[in-house]
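# This is a predicted model, with the sequence first.
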Amino acid sequence: MGRTVKALLVIAPIAAVVALIATRKPSPRRTHVVTVNRPLSEVPPRLRELADSVEITLSDAPGDRGTEISVRVPDGSPVSEGEVRRALRETRSLVEVGDVLLPSRPTTEKTLANRPLRKVTEHGREGGLL
Amino acid sequence: MKALQWQGVNKLAVGTVPDPELRNPGDIIVKVARTVTCGSDLHLIGGYIPFMEKGDVLGHEFLGEVVEVGPDVKRHRVGDRVVVSSFIACGSCWYCDQQLFSLCDNGNTNPAITETLWGQAPGGCFGYSHAMGGNAGSHAEFIRVPFADVGAFTVPDGVSDERALFASDSAATGWMGADLGGVKPGDVVAVWGAGAVGQMAARAAALLGADRVIVIDRLDNRLDQAAKYAGAETLNYERTDVAGELRERSGGRGPDVCIEAVGMEAHSPGAHFAYDQIKQQLRLQTDRPIAVREAIHACRKGGSVFVLGVYAGFVDKFPLGALMNKGLTVRGAQMHGQRYIPMLLERMAKDELVTEHLATHVMPLDQGPEGYRIFKEKDDNCVRAVFVP
């Protein structure tokens, strides 16, 4: 198998994931929700940096699963969906662990082949489905 | 420091990378004493899990000495000899509370890829691509271990490095397959794959009281190990009608629990191997699920199939009809090491679980690329290549 074909076989799936992530359009007025493994009484008001621009609701999760934190981004809010996802994930970690895990120091180098992957991982906590 | 790095599809090299540093207060830095190849690394090396960058450090199964401790670490001190779970878990989220540590909500710094692919993101893993957090791996002189109070375990004095090393992943993975597969006293258990994980699954099934344990592979040296160290019966699928043998050895019922320890690059002598291989190479499916199909067909009605082999995405010709109509329970997981490692170390100390025979090739880290070649091609009866940095 030629090197070009091999390279394409590696790059194509990454590009497909990048395209999937990039083209996934959240529905308007979508509510983002995480469940935090602490009772409502133990969940302090976080998300301070976004609090003025989004609507935040805290409620008990069923089955002793903790607390559901819901964030709705109103029309016209300057806050992006990605910022909400990152803030929710970091809030969950701060409440549960008291810390947010930082990535390892990189050992990699930038190449043409890994450019699409880096595009995704530069904002790892902002993407996804949350 | 020196490290074994992925340089591209089927290209490895030992290079120099920055020393790891404490980044969170719960981190420790471990000086790696032993680190071992894993069959699942081959999926990364071969480009089947396409989320690697040039320069990524491989390795997720390791043991070493604590050389630096973050301010919040309570269970470890400098000088401790520790074995570390390959999956990174916070110990505080709902999944960790349920002992499902590889599903940790807070252990993956990059959840976007897997959440998009699979709906939700599992936790992070050492040296296992940017989909699993992009954490530097253990094939290096030093490694940073986050959430060290949760994922690093002090090795008892009576357990050697050579033995304890495999508690990090292989033994924990194998034990999980037997445990969560629901093995009970009196069961007939079939295990596909006689590599380290398959052998550990077979040994776990025997220790959990299975009446018969049958291991399936094509490599006689591995089957011999399964017979000798796990007390298993063996079937060489290149010379045997596996389905017929399993039916015969289980009173016509089929095995109660079927454990798949093969993964996405399965082999088979039949035409369906060529079919799966071509589809995988053309990326029309991401994985070759040959062993999973066989396990589902062989399993008794109402039985349990546990998938331990690593799969990335989508497969073709999945026998959903057999699964549904036979009332099977199919389950899988990346390994919940934190749940099993303390118990495994105790069993290792009592000689109930031995692993040294798995390390058929021990070599300096400098020989890492050659070690992976030997391991991949199964040269010289290689079961696992262990690197000493």
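Sure, I can see it. Note that the structure is a prediction, hence the values are computed from the model and not measured.
# I'd assumed B:Gly134 was in contact with B:Ile88.
No. Applying Cβ atoms under 8 Å as the test, B:Ile88 and B:Gly134 come out as separate, 11.5 Å apart. Just so you know, the C-beta spots here come from the backbone N, C-alpha and C atoms, and that holds for glycine as well.
# and stretch A:67-74, which residues are buried?
Buried residues in stretch A:67-74, counting neighbours by 16 or more other Cβ atoms under 10 Å in any protein chain shown, are found at A:Thr67, A:Glu68, A:Ile69, A:Val71, A:Val73.
# circling back: B:Ile88 and B:Gly134: which has the busier surroundings?
Counted by other Cβ atoms under 10 Å in any protein chain shown, B:Ile88 and B:Gly134 do not tie: B:Ile88 has more neighbours, with 29 against 26.
# and that one, what pLDDT?
We have a pLDDT of 98 for B:Ile88.
# go on, the one 3 residues further on?
Here the pLDDT value assigned to B:Gly91 is 98.
# And for A:Arg24?
pLDDT at A:Arg24 comes out at 59.
# now do A:Leu9
57.
# What of A:Ile21?
59.
# got the residues of the stretch 151-300 of chain B near chain A?
Within the stretch 151-300 of chain B, the residues that sit near chain A (Cβ under 8 Å from any Cβ of the partner chain) are B:Gln281, B:Arg283, B:Thr286.
# repeat that for 10 Å
B:Gln280, B:Gln281, B:Leu282, B:Arg283, B:Thr286 (Cβ under 10 Å from any Cβ of the partner chain).
# Of all the helices and strands in chain B, which has the lowest average confidence?
helix B:271-281 (a mean of 77; mean pLDDT, DSSP states H and E).
# Return the list of helices and strands in contact with it.
helix A:3-23, helix B:290-298 (3 or more Cβ pairs under 10 Å, 6 or more residues apart in numbering or on different chains; DSSP states H and E).
# repeat that for 8 Å
Where contact means 3 or more Cβ pairs under 8 Å, 6 or more residues apart in numbering or on different chains; DSSP states H and E, helix B:271-281 is packed against helix B:290-298.
# The helix it packs on vs helix B:271-281, what angle?
130 degrees (axes from the mean of the first three to the mean of the last three Cα atoms, to 10 degrees).
# List the residues that contact B:Phe153.
Shown in contact with B:Phe153 (Cβ atoms under 8 Å, 6 or more residues apart in numbering or on different chains): B:Val82, B:Val83, B:Val84, B:Ser85, B:Ala167, B:Ile341, B:Pro342, B:Leu345.
# change it to 10 Å
Contacts for B:Phe153 (Cβ atoms under 10 Å, 6 or more residues apart in numbering or on different chains) come out as B:63, B:75-76, B:80-85, B:164, B:167-168, B:337-338, B:341-342, B:344-345.
# wait, is it part of a helix?
No. Under DSSP: H, G, I helix; E, B strand; the rest coil, B:Phe153 sits outside any helix and is assigned strand.
# distance of it from chain A?
19 Å (Cβ to the nearest Cβ, to the nearest Å).
# same deal with B:Pro122?
From B:Pro122 to chain A the distance is 12 Å (Cβ to the nearest Cβ).
# Bridge partners for the nearest residue to B:Ala140 once chain neighbours are set aside, pull those for me.
In this structure, B:Ala140 finds its nearest non-sequential neighbour in B:Ala3, 3.7 Å apart by Cβ to Cβ, 6 or more residues apart in numbering or on different chains. Going by DSSP bridges, B:Ala3 is paired in beta bridges with B:Gly15, B:Ala140.
# Now do B:Ala3 against B:Asn110, distance only.
20 Å (Cβ to Cβ, to the nearest Å).
# So between the two, which is more surrounded?
B:Ala3 (31 against 26).
# so that one touches A:Thr107, yeah?
Yes. Using Cβ atoms under 10 Å, B:Ala3 is in contact with A:Thr107, at 6.7 Å.
# With that, I have no additional questions.
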